[in-house]
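1. Below: sequence and its predicted model.
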Amino acid sequence: MAQDIGPEVVAYEIIDFAIPAPLTDVPGDVERGWTIVQNAANATCLICHAMPMPWQPDHGNLAPDLAGVGSRYNAAELRLRLVDPKALNPDTIMPAYYQAQGLNRVQEKYVGQTVYSAQDIEDVIAFLLTLTEE
Amino acid sequence: MNRSLWIFVAAFGGFAAYAFLAAGIAHAQAPDLSRFSVEDRKSGYVFLGEQVRALQDDDFQNPGMFAVDRGQRIWNTVDGEAGKSCATCHGDAAESMAGVSARYPQFDADRGAIINLELRINEQRMTHMMAPPLEYESEDLLALTTYIAGLSRGMPLEVNIEGDAAPFFEKGKDFFFERRGQLDLACNQCHDDLDGMMLRGDKMSQGQINGFPFYRLIWNSVGSTHRMFEWCNTSMRAEPFAYGSEEYLNLELYVAWRGRGLLVETPAVRR
């Protein structure tokens, strides 16, 4: 029986400060994206970012407001920012939501795991692209 | 109405309006927080809301005072084969322990490493009282630590990082600047660079430890510095170190130095 080693990390290629190819064959699902980003049990964006969600209390403000992020970046640029933000800025506090290797002293229950699955990444990108109003 | 009466009414009205405004301004003024910071170093108190500050300020409301009372009882209770209590040798703690916690953690020659207040208490229990050590983070060890640290309330933190302590201090500093966990963040990235910003509903503090052991509202209990380190590490999804471990002792020394001059607030109340 295969051991549970968490999600298999899909290979990706960084081209011109972006990841042009989707990580999965299933197109991103906007509705699922909405749910994922608000999940307080899994590193919700709201800890650090404000989002256009007036029903959510206490948005963080130590990272940029995500209102309008869908008109500032395209899917490929957002993908790199979620998957490997340190490729753009080595000092960033933005965690890599799709990194399982090369990390220091990961808690045992998260070893080999990524914060988001490949499909989660695509769904969140689809959601972020709908945030076009500043 | 004659002219002089008008002048009187206008003058009185003006005075009343001035008094009213002045009172309003005084009321809206921010509380004086100068006691809670030294240069750019700010106690966690500065980042609290008014209600939590009020809890800390009033000894009759501060839930950490239960630990202080319990600690005082333990101080005077005989335990161990030597038939001694802390008071047998140290007498009145209010005199013998005043200012002591402000100098912890410190280098200990017998250990050849850093020792903090919790481990010093246990070392004294074992060598002088012939009593078993209290479990780290147990109610009794927290109570005794809180009681003793509380006797330094109002005194500035001043740990020694020179001489034998220096290499341990450097290790603690390295820890503070090292990224860790699945979220891959180092302490300094938030506590040096982003204090005062909102992390969801909480204001990011500088991570100062001048109020420890402290009462944490989300824990509903008193907690030690090392429990807070563990909480921070696991929040970054990093494997924590053990309570009393060399890693956390070194970090505690660095963080205490980082808050040098801040006044001891034990038992502080925090969110």
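-> Structure's in. What do you need? Numbers count the residues shown, from 1 in each chain, chains lettered A, B, ... in the order given.
2. can you give me the helices in chain A?
-> A:30-37, A:69-72, A:75-83, A:118-128 (DSSP state H).
3. Pick the most deeply packed of the ones you listed.
-> helix A:118-128 (a mean of 24; mean count of other CB atoms under 10 Å in any protein chain shown). Heads up, the C-betas are built off the backbone N, CA and C, glycines and all.
4. Report the contact partners of residue B:82.
-> Residues near residue B:82 by CB atoms under 8 Å, 6 or more residues apart in numbering or on different chains: B:128, B:129, B:130, B:131.
5. where does the last one sit relative to residue B:101, distance-wise?
-> Yep, that's residue B:131 we're talking about. Distance, residue B:131 to residue B:101, using CB to CB, to the nearest Å: 21 Å.
6. who's more crowded, the two?
-> Using other CB atoms under 10 Å in any protein chain shown as the criterion, residue B:131 and residue B:101 rank with residue B:101 on top: 27 against 19.
7. what helix or strand is the residue nearest to the more buried one when sequence neighbours are not counted on?
-> Using CB to CB, 6 or more residues apart in numbering or on different chains and skipping the chain neighbours, the partner closest in space to residue B:101 is residue B:149 (3.9 Å). Assigned by DSSP states H and E, residue B:149 falls within helix B:139-150.
8. for residue B:232, same thing?
-> helix B:225-235.
9. Next, the buried residues of that helix.
-> Within helix B:225-235, the residues scored as buried using 16 or more other CB atoms under 10 Å in any protein chain shown are B:225, B:226, B:227, B:228, B:229, B:230, B:232, B:233.
10. Return the distance of the third one relative to residue B:241.
-> By that I understand residue B:227. 12 Å.
11. before we move on, back to that, what is the orientation angle of the helix holding residue B:149 with helix B:225-235?
-> Relative orientation of helix B:139-150 versus helix B:225-235 (axes from the mean of the first three to the mean of the last three CA atoms, to 10 degrees): 110 degrees.
12. Output the contacting helices and strands for helix B:139-150.
-> For helix B:139-150, the elements it packs on are helix B:65-75, helix B:117-124, strand B:221-223, judged by 3 or more CB pairs under 8 Å, 6 or more residues apart in numbering or on different chains; DSSP states H and E.
13. same thing but 7 Å
-> helix B:65-75, helix B:117-124 (3 or more CB pairs under 7 Å, 6 or more residues apart in numbering or on different chains; DSSP states H and E).
14. that older thread, turn the buried residues of helix B:225-235 into CSV, columns for pLDDT and distance to chain A.
-> Output for the buried residues of helix B:225-235, formatted as CSV (pLDDT from 0 to 100; distance: CB to the nearest CB, whole Å):
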residue, pLDDT, distance to chain A
B:225, 98, 19
B:226, 98, 16
B:227, 98, 16
B:228, 98, 17
B:229, 98, 13
B:230, 98, 11
B:232, 98, 12
B:233, 98, 8
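15. out of those, which one sits closest to residue B:202?
-> residue B:232 (12.7 Å; CB to CB).
16. nearest residue to that closest one other than its sequence neighbours?
-> Closest to residue B:232 by CB to CB, 6+ apart is residue B:187, at 7.1 Å.
17. The one you found: neighbouring residues, count only.
-> 22.
18. Next up, the contacts around residue A:122.
-> Contact analysis of residue A:122 by CB atoms under 7 Å, 6 or more residues apart in numbering or on different chains lists A:22, A:23, A:24, A:26, A:28.
19. oh, I was asking about residue A:28
-> Neighbours of residue A:28 in contact, by CB under 7 Å, 6+ apart: A:122, A:123, A:125, A:126.
20. Any chance you could list what contacts the helix holding residue B:149?
-> Under CB under 7 Å, 6+ apart, the answer for helix B:139-150 is B:64, B:67-68, B:70-72, B:74-75, B:93, B:97, B:100-101, B:117-118, B:121, B:134-135, B:213, B:222, B:224, B:264, B:266-267.
21. hang on, isn't residue B:198 packed against residue A:57?
-> No - the pair formed by residue B:198 and residue A:57 falls short of the contact definition of CB atoms under 7 Å, at 11.2 Å.
22. Pick out the residue nearest the middle of chain A.
-> residue A:82 (3.6 Å; CA atoms, centre = their mean).
23. remind me which residues of chain A are low pLDDT?
-> A:1-7 (pLDDT under 70).
24. Around chain A, pick out the residues from the stretch 51-200 of chain B.
-> Within the stretch 51-200 of chain B, the positions adjacent to chain A are B:178-185, B:189, B:194, B:197-200 by CB under 7 Å from any CB of the partner chain.
25. now do 6 Å
-> B:179, B:180, B:181, B:182, B:183, B:184, B:189, B:194, B:197, B:198, B:199, B:200 (CB under 6 Å from any CB of the partner chain).
26. So the last one is in contact with residue A:58, correct?
-> Yep, that's residue B:200 we're talking about. Yes - the pair residue B:200 and residue A:58 qualifies as a contact (CB atoms under 6 Å) at a distance of 4.7 Å.
27. can you pick the most crowded of the residues of the stretch 51-200 of chain B next to chain A?
-> In those, the most neighbours by other CB under 10 Å go to residue B:182, 26 neighbours.
28. List the contacts of it.
-> Residues near residue B:182 by CB atoms under 6 Å, 6 or more residues apart in numbering or on different chains: A:106, A:110, B:237.
29. ok so, going back, any idea how many residues pack against the residue nearest to residue B:101?
-> 28.
30. For residue B:104, see how far away it is.
-> Residue B:149 is 8 Å from residue B:104, by CB to CB.
31. Now do the contacts for the residue in the stretch 51-200 of chain B positioned nearest to chain A.
-> Closest residue of the stretch 51-200 of chain B to chain A, CB to the nearest CB: residue B:197 (3.8 Å). For residue B:197, the contact set (CB under 6 Å, 6+ apart) comprises A:61, A:62, B:204.
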